[in-house]
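A.B. asks: Need coordinates for the following:
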Amino acid sequence: MELQLLRYFHAIARHGSMGKAAKALRVSQPSLTVAMRNLEEELGTTLLVRDHQGVSLTATGKELLASTEEVFTLLDVARQRIHGMQTDEGGRFVLGCHESLGAYFLPGFLRHVAARAPRLELSLWNGTSRAVTDAVINRDVHFGLAVNAQPHEDLVIVPLFHDAMDVVVASSLVPAPLDEAGARALLRDGQVIYASRVTQCQEVLEQLGRMDVLPKRQLACGDLELVKSLTLAGLGVGLLPRRVAEYGQHGKMRCLHPSMPFVPDVIHLLYRGDLHRTRGATLLKDELTTFGRGLDPHVF
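C.D. replies: Numbers count the residues shown, from 1 in each chain. You can find the predicted model right below:
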């Protein structure tokens, strides 16, 4: 059933006259008559009865009029909602990031965005940086935060802030900074704790091996948070992103020594190039960028 036919029918019922309806719709009366004949044939019923007073509705015509008004009301509501999505600073969005990155980024950001854009509704999606990237590409996630994101033809990649995978130690284990010889001895004779699935950890281990300070005792973990917990407990040196080591434990860990290798990281904001740019989506993108670039650049 064509929407235009329903609009014609609704106008005829409202005006009670084919001639008045044709004038209001700016169509010819014969065209309107043909349209109503087609609608009646499609529905298999008589909708309109003409008499000397104009046009009246049959029982089925009255039923169609009630349904037509419901349809037009729903269309008006949909139009208003869509207009609101385009113009209001609101909307529902999914933000993806790695758990450890989110642990230091999200508390401050969620407070920030709640104050700046209270109409935005966010849900969180967690996974590795590679998984977050794939989720953005596959449209499972609107915006993603990823470490060292790789270029992709469908993505817009915005650098936000820097971090580094470093060799860290608990301040309780090493109360005062070590000289280089002391740092090397602690490494060589101790234990290194790291997340085996993190590429940057493998890079640091290889560099430690080339420096001939790689410990024989190595404790591989599957999670950076566990590496952090074990390192804080003084069970060895840890390989951790500096921001992960620092959040919630200010001053309780330090870099082992400036001579130790580290791998610089860049945290990026990702979204699809064809993202529907409602006002809410643009606002969330801008707030993520503003907050991320405003983070303290000095860690440790």
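
A.B. asks: C-alpha from now on. contacts and neighbour counts both.
C.D. replies: Noted.

A.B. asks: where along the stretch 51-200 of the chain do the strands fall?
C.D. replies: 54-57, 91-97, 120-126, 143-147, 155-170, 191-195 (DSSP state E, counting those that start in this stretch).

A.B. asks: Tell me the buried residues in the third one?
C.D. replies: For strand 120-126, burial by neighbour count (16 or more other Cα atoms under 10 Å) applies to 120, 125, 126.

A.B. asks: Show me how far that strand is from its chain's centre.
C.D. replies: Its chain's average C-alpha position is 6 Å from that of strand 120-126, according to Cα atoms, centre = their mean, to the nearest Å.

A.B. asks: quick check: mean pLDDT across stretch 99-119?
C.D. replies: Mean pLDDT, taken over the full extent of stretch 99-119, equals 93.

A.B. asks: how about the CA coordinates for that stretch, as PDB?
C.D. replies: Extracted C-alpha coordinates of stretch 99-119, given in PDB (Å, rounded to 0.1, in the frame of the first residue of the first chain):
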ATOM      1  CA  GLU A  99      41.100  -3.300  30.000                       C
ATOM      2  CA  SER A 100      44.400  -1.900  31.200                       C
ATOM      3  CA  LEU A 101      44.200   1.200  29.100                       C
ATOM      4  CA  GLY A 102      40.600   1.700  30.200                       C
ATOM      5  CA  ALA A 103      41.600   1.300  33.800                       C
ATOM      6  CA  TYR A 104      43.500   4.500  33.800                       C
ATOM      7  CA  PHE A 105      41.700   6.400  31.000                       C
ATOM      8  CA  LEU A 106      38.000   5.700  31.600                       C
ATOM      9  CA  PRO A 107      37.500   6.900  35.200                       C
ATOM     10  CA  GLY A 108      38.600  10.400  34.400                       C
ATOM     11  CA  PHE A 109      37.100  10.400  31.000                       C
ATOM     12  CA  LEU A 110      33.600   9.200  32.100                       C
ATOM     13  CA  ARG A 111      33.600  11.900  34.800                       C
ATOM     14  CA  HIS A 112      34.600  14.400  32.200                       C
ATOM     15  CA  VAL A 113      32.000  13.500  29.600                       C
ATOM     16  CA  ALA A 114      29.200  13.200  32.200                       C
ATOM     17  CA  ALA A 115      29.900  16.800  33.100                       C
ATOM     18  CA  ARG A 116      30.400  18.100  29.600                       C
ATOM     19  CA  ALA A 117      27.800  16.000  27.700                       C
ATOM     20  CA  PRO A 118      25.300  14.500  30.100                       C
ATOM     21  CA  ARG A 119      22.900  13.400  27.300                       C
END
